[in-house]
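K.L.:
Have a look at this fold, sequence not included:
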């Protein structure tokens, strides 16, 4: 594997500038717990979110969007119906979409549904260790990640103490972020929405995924310095994302 | 048009006092992204929100409420069914209701539904430029706003860099508010809920609409001074609304 | 009635330590307005929330959880179906569940549903005065609370200026908490979720209920000291819960 990650902070800064100029529309089919925070994270970064899950409206929203997120948290019949239509609309128009297979380790039914979605070709999959293992039926180490990425043609963004991002050929390891971030609901869901957003401003899915995880990881590192707990961290993270610049990204990136 | 707006800040302060005394109940059929922030904005101002969208329960809640908000974001079959019942209940009891036609510029279906609701006589419609144009089929300038307000018998509250509020005879232009407010999801939705709330404490729909937009615009202007981004602006806005007084309203109002 | 409440702050501190070690999973069927704040309160305290309301998934989530919350806010057909399955799953596995009969004073239908749930044996019921009276058909004074607790075999946690917690034999009266907390949506809902969480770390339902109400009451008292309004109180409450320790609980507890 090549290790081109020394350029990542600069590239991530460029993508963020592009995002703020273009203000892409990102449609999110996401869970009920994550909707508000996800929308606020996208708005702070510079994107324009929409969130309807109604089967009769979702095609119009996806057709007008620049990227799509499918998040399986609090999944239900309405979200299932909307997801099929949304993915078909995105794929037909060649728009990028990203999968977040939330909690698929908790129910076999959701796992099977997620595997069906992978066959519909997301550009990237953002998940944690337990979710990857439920999805791929393999341990979540570097080799298996790369093989799975090649097999399904999607970038894998595995988040944890160190985030791993691979397309099978390239691997980025991002050690940013703080454990306190896991004490804020929907932090991973919002990261996935940022990954989808980054796909709206670059065609390189590996770069998009790594850049977005770097944005939120660095923002978390900066915000945690003055946070007294998860309440003030939430506030600080949104403020930091809103003001995030190249200097901060380059100074704080911890690529290993 | 008359320009009676120099008295607006004082009137807005009086309505806010009345609101805090009476603590009106406001039922909101609003989108999934906006529910929590809207409830917190109403509570900060002094109202008591309820938010069920279930068709079997909504009539009881509207019957016990002093005002009703219908917001079309994340619209779906459940919200559509509840909306019909809620409006019928409100109209039969002579209770005021307010329409926020969110994103009707994005889907023709939602636009058609919104036009049907306008025929059911909301007291006010709070929308942005694109939504007004989709609703009225006309440019969003003063003359068209006034004509539309007269035609449909509702006050139009058009928000943007300057908010315009007209009932066809009177026009208020409110230049309060900061662009950073648009980086917080559901800010417009919460403004519409405040408009509905103000209708619970005055029968003058134009005054109610202008006063509510002044409350939130001034609160935003005050809060943005110490905000480092949209996270701290959200916190500051709720704190400011909770403490908003006549002096602050009169000092900060920018009526043009 | 005995008054063993002088030990409560110490016991509450021990339970909180146990919670942070064990990180119990708590499944919440709760209303759409409360989901995000409830999840953040549980995460701040140290628990791991899940929130699906889908009838096809809820049994898997409850089977993997350590406690269950049923909250009747924004109740609808989906939540009704999920509730039946969730309670049956919990009862069969001997897992504790807690009922929050939100707004049952507003609609007769919801009240009848709540009474059916009480027959299914929650370990505790957290409610306010109006909700208790609608549930029990009795005034919300000490004797009626105790009788109702004995009749239905559940601890009653009645919140208000002073929270009363009784299992029919024991009574705790907790005067912590600040009126400004009522200006934050879902504060009571989050308290109920903490009550469910405490049931995951002790089999004594009275202790669990009193300890959880003490956690959030003390956290509110501490946070309100530096809060400028409900926005900063929300942030401070999450931060304080995250850091809450035995000293703070013992120093601030107001048991009357």
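P.N.:
The structure has been received and is ready for your questions. All of these numbers come straight from a predicted model, not from anything done at the bench.
K.L.:
Please make it C-alpha for all contacts and neighbour counts, starting now.
P.N.:
Noted.
K.L.:
In space, what's closest to the residue in the stretch 1-150 of chain A that chain B sits nearest to - neighbours in sequence excluded?
P.N.:
When distances are taken as C-alpha to the nearest C-alpha, the stretch 1-150 of chain A approaches chain B most closely through residue A:52, which lies 4.2 Å from it. In space, residue A:52 comes closest to residue B:74 once its chain neighbours are excluded; the distance is 4.2 Å by C-alpha to C-alpha, 6 or more residues apart in numbering or on different chains.
K.L.:
and the one you found, what element?
P.N.:
Following DSSP states H and E, one finds residue B:74 outside all helices and strands.
K.L.:
got the contact list for it?
P.N.:
Applying C-alpha atoms under 8 Å, 6 or more residues apart in numbering or on different chains to residue B:74 gives the contacts A:51-54, B:31-33.
K.L.:
Looking at those residues, which are in helices?
P.N.:
The members of the contacts of residue B:74 all map outside helices under DSSP state H.
K.L.:
of all these, which comes closest to chain C?
P.N.:
Of the contacts of residue B:74, the one sitting nearest to chain C (C-alpha to the nearest C-alpha) turns out to be residue B:32, at 7.2 Å.
K.L.:
Quick one, grab the pLDDT at the closest one.
P.N.:
According to the per-residue confidence, residue B:32 scores 95 in pLDDT.
K.L.:
what's the distance between it and residue A:35?
P.N.:
Separation of residue B:32 from residue A:35 (C-alpha to C-alpha, to the nearest Å): 7 Å.
K.L.:
how many other residues sit next to the closest residue to residue A:171 other than its chain neighbours?
P.N.:
Nearest in space to residue A:171, with sequence neighbours left out and distances taken as C-alpha to C-alpha, 6+ apart, is residue A:165 at 5.5 Å. A count of neighbours around residue A:165, defined by other C-alpha atoms under 10 Å in any protein chain shown, yields 29.
K.L.:
what do you get for residue A:203?
P.N.:
The burial count assigned to residue A:203 is 12, neighbours taken as other C-alpha under 10 Å.
K.L.:
Now do the contacts for the residue of chain A most remote from its centre.
P.N.:
Distance from the centre of chain A peaks at residue A:228, with 26.3 Å (C-alpha atoms, centre = their mean). Neighbour list for residue A:228: residue C:239 [criterion: C-alpha under 8 Å, 6+ apart].
K.L.:
where does it land in three-state SS?
P.N.:
The assignment at residue A:228 comes out as coil when based on DSSP: H, G, I helix; E, B strand; the rest coil.
K.L.:
give me the element the residue nearest in space to the middle of chain A is part of.
P.N.:
Within chain A, the residue whose C-alpha comes closest to the C-alpha centroid is residue A:192; the distance, by C-alpha atoms, centre = their mean, is 1.8 Å. Using DSSP H and E, residue A:192 falls within helix A:187-199.
K.L.:
got a list of what residue A:245 touches?
P.N.:
Residues in contact with residue A:245 (C-alpha under 8 Å, 6+ apart) are residue A:13.
K.L.:
Look up phi and psi at it.
P.N.:
The phi and psi torsions at residue A:245 (degrees, to the nearest 10) take the values phi -130, psi 180.
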